[in-house]
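In: What shape does this take:
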Amino acid sequence: QVQLVESGGGLVQPGGSLRLSCAASGRTFNSYTIGWFRQTPGKEREFVASISWQGGSRYYADSVKGRFTISRDIAKNTVYLQMNSLKPEDTAVYYCASTRLFGSRIETTYDYWGQGTQVTVSS
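Out: Numbers count the residues shown, from 1 in each chain. Here you go, the predicted model:
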């Protein structure tokens with residue numbers, strides 16, 4: 001059974017940093033891409049970043065480019081999202097998910113999802 005478990009969310013002041021983790025289990029992820037999405041109440045879930053498990057190719061939404069960094073630790077089966085220079089508009093529930101479609105930014109192509117972790121950026 002595939003499981004994706006997010007952690008690391010919390011409350012941070014504008015300009016601060018957080019690191020989210022996505023612990024993956026239940027399958028071999030060699031041919032998969034892991035993505036981070038976020039959602040605020042009343043809005044659709046939006047793509048944030050993705051990384052290919054095997055080659056480490058990275059993709060970012062324009063809104064986070066230069067501030068967020070996605071990475072993976074293959075030995076720990078974990079994907080990270082380092083978020084720097086956080087802004088109030090980054091406040092959302094952050095989800096990680098897996099897809100077989102290389103580098104996908106499209107929510108519907110992702111098959112397994114974690115439960116989400118809340119990130120709140122506020123002074």
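
In: Give me the pLDDT for the residue nearest the centre of the chain.
Out: Taking Cα atoms, centre = their mean, the centroid of the chain lies closest to residue 36, which sits 2.3 Å from it. Looking at residue 36, its pLDDT reads 98.

In: in the helix or strand hosting it, what's buried?
Out: Secondary structure assignment for residue 36, by DSSP states H and E: strand 33-39. Buried residues in strand 33-39, counted by 16 or more other Cβ atoms under 10 Å: 33, 34, 35, 36, 37, 38. (Glycine included, C-beta is placed from N, CA and C.)

In: same deal with stretch 60-73?
Out: Buried, per 16+ other Cβ under 10 Å, within stretch 60-73: 60, 61, 64, 68, 69, 70, 72.

In: Skip the chain neighbours and tell me the closest residue to the last one.
Out: The reference is to residue 72. residue 79 (4.7 Å; Cβ to Cβ, 6 or more residues apart in numbering).

In: Which helix or strand contains that neighbour?
Out: strand 78-83.

In: quick one: that strand to strand 33-39, angle?
Out: Strand 78-83 runs at 40 degrees relative to strand 33-39, counting by axes from the mean of the first three to the mean of the last three Cα atoms, to 10 degrees.

In: Pairing partners for the following helix or strand past strand 78-83, with directions?
Out: Following strand 78-83 in sequence order, the next helix or strand is strand 92-99 (DSSP H and E). As defined by DSSP bridges, the strand partners of strand 92-99 come to strand 33-39 (antiparallel), strand 112-113 (antiparallel), strand 117-121 (antiparallel).

In: Which other helices and strands does the next helix or strand after the first one contact?
Out: Proceeding C-terminally, strand 33-39 gives way to strand 46-52 as the next helix or strand, assigned by DSSP H and E. Counting by 3 or more Cβ pairs under 8 Å, 6 or more residues apart in numbering; DSSP states H and E, the packing neighbours recorded for strand 46-52 are strand 33-39, strand 58-60, strand 68-73, strand 78-83.

In: Pull out the buried positions in strand 46-52.
Out: Buried residues in strand 46-52 (16+ other Cβ under 10 Å): 47, 48, 49, 50, 51, 52.

In: try stretch 89-103
Out: By 16+ other Cβ under 10 Å, the buried positions in stretch 89-103 come out as 90, 91, 92, 93, 94, 95, 96, 97, 98, 99.

In: Since that was my last question, I'll sign off now.
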